[in-house]
Each structure stands twice: as C-alpha cells, then as structure tokens.
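Engineer: Coordinates only, no sequence provided:
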C-alpha cells in the first residue's frame, strides 16, 4: 500500500511540441528518495517504471527558459545549455549560441517543430 501511494502521479506531463505525455510524480530540482542528486533545472520527474529501486527516476522535461513552453528532453524538442531551450527558441536565437551548439544542431538536421496544438498541413 505504501508503495502504491508513493507512485501516485501528481499530474500528467505533456510536451507542447511533440505531445509526449507521461505521468509525473515530482516537479523540482531535488527528486525524493535520492541521496545527493540536485538537478540543474526545475524538472518534471517520474519514478523509473522499469525498476523497483525507489531512488531511480526519469526526467521528462521542463520549461523553456525563453518562452516558458513545457518541453520534453527529447533531442527533437529541446536542448540543455546551462538552461533548457526549446528548439524553436534555439532556431530564433541561433546566433546567441556557441559554434559547437550550432554545429551539433546542424548535424542533427532537425526540422522546425510546431507546437502540438497547431495543425500541420497535409498535401
């Protein structure tokens, strides 16, 4: 019973770019049941569903530091460079990023992501 209460989600995380959804159990920088883990950003976290080890967790995402969109940590949606940035904000401000970041994004050749609530045109 205690284990069930521990795993009860606080809400459902939804990426505003790719529409990934997952239940989260914590929001913040210091996930519960971890010894000395402090995250560099306020993150949406879920307990790792693939292990019973209570100190294991998965980071789902966080807010873009420019536009405040809720984005997942997937490479198609965001990057972390001292702060979380959604890819549309990175592309709009590409000149503000170091050459290494620009080269990394160029290698990925990522298409521009639209927010999940905007329809895509089909031809």
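Structural biologist: Alright, I've got the coordinates. Quick caveat: nothing in here was measured; it's all calculated off a predicted structure.

Engineer: correct me, but residue 66 touches residue 87?
Structural biologist: No. Here residue 66 lies out of contact with residue 87, judged by Cβ atoms under 8 Å, at a distance of 11.1 Å. C-betas here are computed from N, CA, C, even on glycine.

Engineer: Those two: which is more packed in?
Structural biologist: Ranked by neighbour count (other Cβ atoms under 10 Å), residue 66 and residue 87 place residue 87 first, with 22 against 16.

Engineer: Quick check: phi and psi on the more buried one?
Structural biologist: The phi and psi values for residue 87, taken as degrees, to the nearest 10, are phi -60, psi -40.

Engineer: ok, now the one 3 residues further on?
Structural biologist: Backbone torsions for residue 90, taken as degrees, to the nearest 10, come to phi -60, psi -50.

Engineer: buried residues in the helix ranked longest in the chain?
Structural biologist: Across the chain, the longest stretch assigned as helix under DSSP state H is helix 99-108. Buried residues in helix 99-108, counted by 16 or more other Cβ atoms under 10 Å: residue 105.

Engineer: Quick check: which helices or strands does that helix pack against?
Structural biologist: In terms of contacts (3 or more Cβ pairs under 8 Å, 6 or more residues apart in numbering; DSSP states H and E), helix 99-108 is packed against helix 87-92.

Engineer: Show residues contacting the helix it packs on.
Structural biologist: 17, 64, 66-67, 69, 76-79, 97, 101, 105, 110, 112-113 (Cβ atoms under 8 Å, 6 or more residues apart in numbering).

Engineer: neighbouring strands for the longest strand along the chain, and are they parallel or not?
Structural biologist: Using DSSP state E, we find that the single longest strand of the chain is strand 57-63. Paired strands of strand 57-63, with direction, are strand 43-47 (antiparallel), strand 70-72 (antiparallel) (DSSP bridges).
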